[in-house]
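Visitor: sequence first, then the predicted structure:
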Amino acid sequence: MWRGVGRFVRIEARPVSRESRRLLLLRYLFLLLAAIVVSSACSQTPPAKPPAPRVIHDTVTVRDPDLDKRVARLELLALAKDAQIEDLQAKLEDARAEVVRAMAKLQTVASRAQAASAMAEAEVSLQSMKAGSTEEPPEAAQVTKLVRQSATQFDRANYAGALYLANQAKTLASSYRGRLSLGSREGARPGETPFAVPIKLTMTTRGNIREGPGTGFPIAFAAEAGTLLTGYSYAEEWIRVTDETGHSGWVFRSLVGRPD
């Protein structure tokens, strides 16, 4: 309290009770604890989200014993068919070689010009086969073999044998053109049934080859009697054919027959 003015000041401090000091200490400790809790909460990283559950799909293959037996049986049949085809191909090669050897003894059957012309046509057919597709067709290897065999017989002056082999090459090339025509140029006609293998035919009389199986279709080309054709399929009494030049169409059954 003040004692006089301008002289001196004396402050009298009142004593603090023990109860007040205890309350101040508790308040201080409470504030310190709150500060620690707040600081810890701010610095703590949020908990990571639990990973999404993975769903695993098991693939179960159910096998049918009867179906397995059927597949195995078909595979065996396919192997047997392949063996039969190889055997028939070998027999065909032997028969062809025998025909060529027999023709070598008949020098007057064919002339040099006939053989050379047939060989040239076979070579053109071979090149046409290779140029008409991005991948070499399976018939190309056989046609190439026949063309080379024909050239060998021609060099040996076996013109009949060379002509025979060249005609074989042309026939095989013609079959390929017919198969290509059937598969890509035109879809199958209603009721059309393919032959198991291409069939060699000949025109028995002069007649028209039409663009479809019926007289209502336009004429594709005319064929003279004796023209060689290859049949691939039929629809009722009409046969889908190609000639040796690659022209295709439909011919009525009564106009063709089997070559002699």
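Guide: Good, I have the coordinates.
Visitor: how deep is the closest residue in space to residue 224 that isn't next to it in sequence tucked in, by neighbour count?
Guide: Once flanking residues are discounted, residue 224 sits nearest to residue 206: 5.3 Å by CB to CB, 6 or more residues apart in numbering. For glycine as for every other residue, the C-beta is placed from the backbone atoms N, C-alpha and C. Using other CB atoms under 10 Å, residue 206 is surrounded by 12 other residues.
Visitor: just the pLDDT for residue 206.
Guide: Confidence at residue 206, expressed as pLDDT, is 93.
Visitor: that one touches residue 225, doesn't it?
Guide: Yes. If you go by CB atoms under 8 Å, residue 206 and residue 225 touch, sitting 5.4 Å apart.
Visitor: which residues in this protein form helices?
Guide: 18-43, 65-104, 112-131, 139-155, 159-180 (DSSP state H).
Visitor: so which of those is the most surrounded?
Guide: Ranked by average neighbour count under the criterion mean count of other CB atoms under 10 Å, the helices of the chain are headed by helix 159-180 at a mean of 23.
Visitor: output that helix as CSV, nothing but the C-alphas.
Guide: The C-alpha coordinates for helix 159-180 follow below in CSV (Å, rounded to 0.1, in the frame of the first residue of the first chain):
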residue,chain,number,x,y,z
TYR,A,159,7.2,-87.6,-125.6
ALA,A,160,4.2,-89.8,-124.8
GLY,A,161,5.3,-90.0,-121.2
ALA,A,162,6.0,-86.3,-121.1
LEU,A,163,2.5,-85.5,-122.5
TYR,A,164,0.9,-87.9,-120.0
LEU,A,165,2.6,-86.3,-117.0
ALA,A,166,1.9,-82.7,-118.3
ASN,A,167,-1.8,-83.6,-118.6
GLN,A,168,-1.7,-85.0,-115.1
ALA,A,169,-0.3,-81.7,-113.9
LYS,A,170,-2.9,-79.7,-115.8
THR,A,171,-5.7,-81.8,-114.4
LEU,A,172,-4.5,-81.3,-110.8
ALA,A,173,-4.2,-77.6,-111.4
SER,A,174,-7.7,-77.5,-112.8
SER,A,175,-9.0,-79.3,-109.7
TYR,A,176,-7.4,-76.6,-107.5
ARG,A,177,-9.0,-73.8,-109.5
GLY,A,178,-12.4,-75.5,-109.2
ARG,A,179,-12.0,-75.9,-105.5
LEU,A,180,-10.9,-72.3,-105.2
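Visitor: list the helices and strands that helix packs on?
Guide: Judged by 3 or more CB pairs under 8 Å, 6 or more residues apart in numbering; DSSP states H and E, helix 159-180 is in contact with helix 65-104, helix 112-131, helix 139-155, strand 193-203, strand 228-235, strand 238-243.
Visitor: adjacent strands (with direction) for the fifth one?
Guide: Read that as strand 228-235. Counting by DSSP bridges, the strands paired with strand 228-235 are strand 193-203 (antiparallel), strand 238-243 (antiparallel).
Visitor: next, the angle helix 159-180 makes with the shortest one.
Guide: Right, the one you point to is strand 238-243. Orientation of strand 238-243 against helix 159-180 (axes from the mean of the first three to the mean of the last three CA atoms, to 10 degrees) gives an angle of 130 degrees.
Visitor: just the residues contacting strand 238-243, thanks.
Guide: Residues outside strand 238-243 that contact it (CB atoms under 8 Å, 6 or more residues apart in numbering): 174, 177-178, 181-182, 192, 201, 209-210, 213-214, 221, 223, 227-234, 248-253, 256.
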